[in-house]
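# quick check, what structure comes out for this input:
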Amino acid sequence: MIEPSPVTRSSLRHVLPMVAPMPMAELPTRTWSDEQWERIKLGYEARGMDEKWNVFVEDQVAFLHRSWTGNGIFEASFSPVGGGWRISAAVVESDPSRYRRSSDRYDRVMVELVLSAIVLGEPAVDLRAELVALTSQESGRTDLPAGLVEHSALGLRSTA
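The predicted structure follows:
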């Protein structure tokens, strides 16, 4: 079996650093297993127009960039903990022309959701539901279809 090559900054055609990084006030509390961390380190490259995220890891920092613009949106620093890996610090882009922040909770959910659903390919049902609930609550609209909310923020994940 051929081992997949990791996605790197240089393997992506368009990568722009954050212009106004701000420390995230809320971090995911999930502990990723050593096996999951190894998969996260391989990253993820969007393969189509409906995919919205590129992810790569340098040292122990996961960089989450929008695939179309190349803009860096999140950087999550991982640290080993008993039996796995946890995000110990993270920053989010605060320039509203690059990323419209809505809340600390929303950013926390998005970081974990991109890593879980996009990079690892997990169903992440609870995180998806939390994203939809937060979006409805923060927009004041309760009639937003869940699929629309998820696709708008998260996009799809290629199975190839």
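
# show me what contacts the residue most central in space within the chain?
Taking C-alpha atoms, centre = their mean, the centroid of the chain lies closest to Val114, which sits 3.1 Å from it. When contacts are counted by C-beta atoms under 8 Å, 6 or more residues apart in numbering, Val114 touches 53, 55, 64, 74, 154. Any C-beta I mention is one placed from the backbone N, CA and C, and that applies to glycine too.

# can you add pLDDT and neighbour count and give the residues you listed back as TSV?
Below are the contacts of Val114 laid out as TSV (pLDDT from 0 to 100; neighbours: other C-beta atoms under 10 Å):
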residue	pLDDT	neighbour count
Trp53	97	25
Val55	98	24
Leu64	98	24
Phe74	98	24
Leu154	82	20
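
# and those residues, which is closest to Arg141?
Taking C-beta to C-beta as the measure, Arg141 lies nearest Leu154 of those, at 18.0 Å.

# give me phi/psi at that closest one?
Main-chain torsions, Leu154, degrees, to the nearest 10: phi -100, psi -40.
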